[in-house]
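> here are the coordinates; sequence isn't available:
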């Protein structure tokens, strides 16, 4: 993470804007020039131009120390009238020329600097034609600045050509005016150029001497098929806006402040910028600065360590693209490689911008020789868009360390149909894979369209710090992939891969999202592919939700070693739909005994899923051991609220196709605060073989929740299929366990005829257990039955042919029945449901049922019947029958019932329909007071909302009309010597204010008229 922080800091503060001038306007102006070189008269000693045979010889000028100053009204070399301009400069380092006449310079011929550094300053603009060349020039600075600044404060100005105060000091900067002129470089491009791994060798290029600087600093700069070359040196291109100032370093490279106004830079029509060095092997650097930088049309930027030079310690500079607005690279390439047959350290590709668009292009800092590859560093204030492009920092064909790839896009990162690689994985490669980080902390990251991001490696970890070490190793260490965004989407068959070959360690892959992670039809892989390597860690985390769906794969497996660890964590929800998550450990089938090396059990292998709610639908989760000496991992799924498992399989098995060379099965834990639901799903911790010829114990399964529902042919299984003991299953429901048409089993299945395996144990605790058409089994085909224990608070119900069994043995195979212990209040069995601990050739088992309130429907029998049976028999020898102990009260279901008469009374005949009927008057019935009947006879009676208050007792003061506060109650009152006898109320009286007072004696009741009755009914 320290590298990530340095990277983010490096790219902070990119700003600035400027308008773009018309390229067509530049060309039209250049076409009207008169091709000539004309000196002015502004210097103490003016320049002299003699043209002979098309060659202009430039002498004179004013010299101060190592600086020679020239000043021209016009300066053009059209290649026809003037074919070449030769500067004669005995004993000077810098030839500094300015053009003061207001017309741009057209260069379509040769400029010869005779070894000196050459400055050409023309504020009106400079156009280099397709035949322009620089010959024997040290460094070259072509600029449309107004003036050249020196470190003593003086300026050599092209817009204020009054006699200057000239200086022998070093140039330190370029000062631009309000409307900087443009620079155009035209050429045939690399379509007719063989760009070898060394450098472009053509006459019609702008090239400076070895290890020198070629700088073009204008307003807008356009390189249209032009070729700029500085072998082992520096190529610097900058577009500067109104009033900007650019610094010059001692080597004449540019110092471009972040805050200055900028103009645009264009490379098109197969333009080339080349800083490769075919002589010493050390590559140079390339830097481009602008508001917008556009590289298109098959253009190429290249540097690096040149090929086949036999050099042991070459070194390359960096390629830098720095834009205050947008960098757009289309159908072009940027290379900074350690080439084939070379040895050394490659340079970096650095891109800093307001936004980046990379389409149909390639960035390559690969290592093809020996040494260390460079890095690709992309830092963008806005959005990053990468489509149909390739980014390489590989060890691609030699020995050494891969580089890193960092992408920061604060406005989001979108990668489509692209390939990002920091591998050390090619055949014969030795070295370390790199690190890939993709960051958008405040926005989304989307990787889609068959994109592939990979940091694969070969072999075991090796740190290569020097070139000498490169030639003495034969292995590699893992790379890592790190993705951090507000939201992350991996879509459309895209892949993240940090796998390892040989005996190496696979790398870690981490995804962190502030909001959501969505993985759709894609894969995340960190496998150890060969020879006992260790699989890597995969972490997927989101503050909101994680969704993995549509045939996606999350894999951290190992062949010959332990599988890795996969963590999937979200605050609110995790959804796996049609997804495979595996951390399997692969081993050899039937290896020679001397070759079996049992891997150690580790807590770092397995799958962990945690969230508020978890849904696993149509998915496969596996942390299985396949082959000899391997360990299955743990699978843990825990939710604060609910876990839903539908049409899925969760397996921590030990598998062996021949049932003889097995590993060790693991543990599956499922837990929820509220509900665990299994629908048409399997959870297994089975063992299929033996480990090194020894018996095994299968794995464990634990499920816990408030309510557990298992239905529709679901299965919990901890079986053993060979010698050994089946595993254990524990189910704990605070409230209810309901199992419908499903199976819970810890059986010994005896797939090998000569094996002898025992069943395992099953424990169930709940308030209520409801079995419907289901089986709970701890049985053995050729060994002893297991144990089943029910600790249930209220009720165990078996219906529709449900079975609880610990049977043992089979035809010609021994085995004793197991143990069943059931302890609820009630046990109910209906519809041919059974509880059995039978054996075939061995002894029957033991069944103990303690039902404190009774057993209904089940009977102890000596054989199985179509009824509801409890049996512990030996099917071949009654003398070996087991024991059944039932403890329950003698319950008569008919006790306490009252026989009803068969002659029913019609109660309606006992009620007078209308008491006023005889007098032909209407009747009414009025109730007053608190409570009462509903407004309509067909309505329900409303619940009581008021109560009749008790009369105030003598123990409370008469002036206390409210309820006595609880904190005033005497918690430990003294008991009176004599307590009052409580008398049952026999009557009541009503006071004038309507208060009802209960009395010990019946009270005479005086009828009270309602005042509403008809006079006819009185």
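Now that the structure is in, tell me what you want to look at. Note that this is a predicted model, so its numbers are computed, not measured.
> tell me how far residue 622 lies from residue 802.
Distance of residue 622 to residue 802, computed by C-beta to C-beta, to the nearest Å: 30 Å. All C-beta spots, glycine's among them, are computed from the backbone N, C-alpha and C.
> residue 387 now?
According to C-beta to C-beta, residue 387 stands 59 Å off from residue 802.
> try residue 398
For residue 398, the distance to residue 802 - C-beta to C-beta - is 68 Å.
> what of residue 530?
From residue 530 over to residue 802 (counting by C-beta to C-beta), the distance is 49 Å.
> between the two, which one's more packed in?
residue 802 (26 against 18; other C-beta atoms under 10 Å).
> would you mind giving the domain segments of this structure?
According to automatic domain parsing, the chain is divided into the following domains: 1-32+181-376, 37-175, 790-890.
> averaged pLDDT, stretch 102-118. What do you get?
The average pLDDT for stretch 102-118 rounds to 95.
> ah, wrong one, I meant stretch 792-800
97.
> before we move on, what about stretch 233-246?
In the prediction, stretch 233-246 has an average pLDDT of 96.
> just the buried positions in it, please.
233-242, 244-246 (16 or more other C-beta atoms under 10 Å).
> could you pull up the residues touching residue 137?
111, 112, 113, 115, 116, 117, 118, 208, 209, 212 (C-beta atoms under 8 Å, 6 or more residues apart in numbering).
> how about the third one: what's its closest non-neighbour residue?
I take that to be residue 113. residue 137 (3.7 Å; C-beta to C-beta, 6 or more residues apart in numbering).
> that neighbour in helix, strand or coil?
The assignment at residue 137 comes out as coil when based on DSSP: H, G, I helix; E, B strand; the rest coil.
> let me know the pLDDT of it.
Note on residue 137: pLDDT of 95.
> what's the answer for the one 10 residues further on, then?
Residue 147 carries a pLDDT value of 95.
> burial measure for it, as a count.
Using other C-beta under 10 Å, residue 147 has 23 other residues around it.
> how close does it sit to residue 176?
From residue 147 to residue 176 the distance is 9 Å (C-beta to C-beta).
> and what of residue 621?
Distance from residue 621 to residue 176, counting by C-beta to C-beta: 64 Å.
> for residue 767, same thing?
84 Å.
> the protein: helices as residue ranges?
Secondary structure of the chain by DSSP state H: the helices cover 2-10, 23-31, 467-470.
> I'd like the mean pLDDT over the last one, please.
Along helix 467-470, the predicted confidence averages to a pLDDT of 38.
> and stretch 836-849, by the same measure?
For stretch 836-849, the mean pLDDT works out to 92.
> how long is that stretch end to end?
Stretch 836-849 stretches 12 Å from its first residue to its last (C-alpha to C-alpha, to the nearest Å).
> buried ones in that stretch, by neighbour count?
Neighbour-count burial for stretch 836-849, with 16+ other C-beta under 10 Å as criterion, is recorded at 836-847, 849.
> okay, the nearest residue to residue 395 once chain neighbours are set aside: pLDDT?
Spatially, and ignoring its direct neighbours in sequence, residue 395 is nearest to residue 424 (4.0 Å; C-beta to C-beta, 6+ apart). pLDDT for residue 424: 85.
> what's opposite residue 424 in the beta bridge?
Assessed by DSSP bridges, residue 424 has beta-bridge partners residue 457.
> residue 813 now?
Beta-bridge partners recorded for residue 813 (DSSP bridges): residue 810.
> for the stretch 301-450 of the chain, which residues score under the pLDDT cut-off?
Along the stretch 301-450 of the chain, segments meeting pLDDT under 70 span 308-312, 426-430.
> circling back to that earlier point, with neighbour numbers in mind, choose between residue 767 and residue 176.
In this view residue 767 and residue 176 are compared by other C-beta under 10 Å, and residue 176 has more residues nearby, 26 against 17.
> spit out the contact partners of that one.
By C-beta under 8 Å, 6+ apart, the neighbours of residue 176 are 144, 145, 146, 219, 240, 241, 242, 243, 244, 245, 246.
> for residue 873, give its distance to residue 445.
Look at residue 873 and residue 445: by C-beta to C-beta, they are 66 Å apart.
> quick check: pLDDT value at the most centrally placed residue in the chain.
With distances taken as C-alpha atoms, centre = their mean, the residue of the chain nearest its centroid is residue 511 (2.6 Å). We have a pLDDT of 98 for residue 511.
> surely it and residue 540 touch.
Yes. Using C-beta atoms under 8 Å, residue 511 is in contact with residue 540, at 4.8 Å.
> what sits in contact with each of the two?
517, 524.
> among the domains of the chain, which is the most enclosed?
With neighbours defined as mean count of other C-beta atoms under 10 Å, these peak in mean count at domain 1-32+181-376, which reaches a mean of 22.
> returning to that earlier point: using TSV, lay out the contacts of residue 176 together with distance to residue 60.
Shown next, in TSV, are these (distance: C-beta to C-beta, whole Å):
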residue	distance to residue 60
144	25
145	24
146	24
219	30
240	31
241	35
242	34
243	33
244	32
245	30
246	29
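> so of those residues, which ones are in strands?
245, 246 (DSSP state E).
> pLDDT weak spots in the stretch 851-1000 of the chain?
Scanning the stretch 851-1000 of the chain for pLDDT under 70 picks out the ranges 890-1000.
> residue 379 and residue 408 touch, don't they?
Yes. The criterion here is C-beta under 8 Å, and residue 379 meets it with residue 408 at 4.7 Å.
> look up how far residue 85 lies from residue 167.
Relative to residue 85, and taking C-beta to C-beta, residue 167 is found at 25 Å.
> again with residue 554
67 Å.
> how about residue 534?
Using C-beta to C-beta, residue 534 is found at 67 Å from residue 85.
> just to revisit the earlier point, next, give me the two most distant ones among the buried residues of stretch 233-246.
Taking C-beta to C-beta, the two most distant members of those are 233 and 242; they sit 30.1 Å apart.
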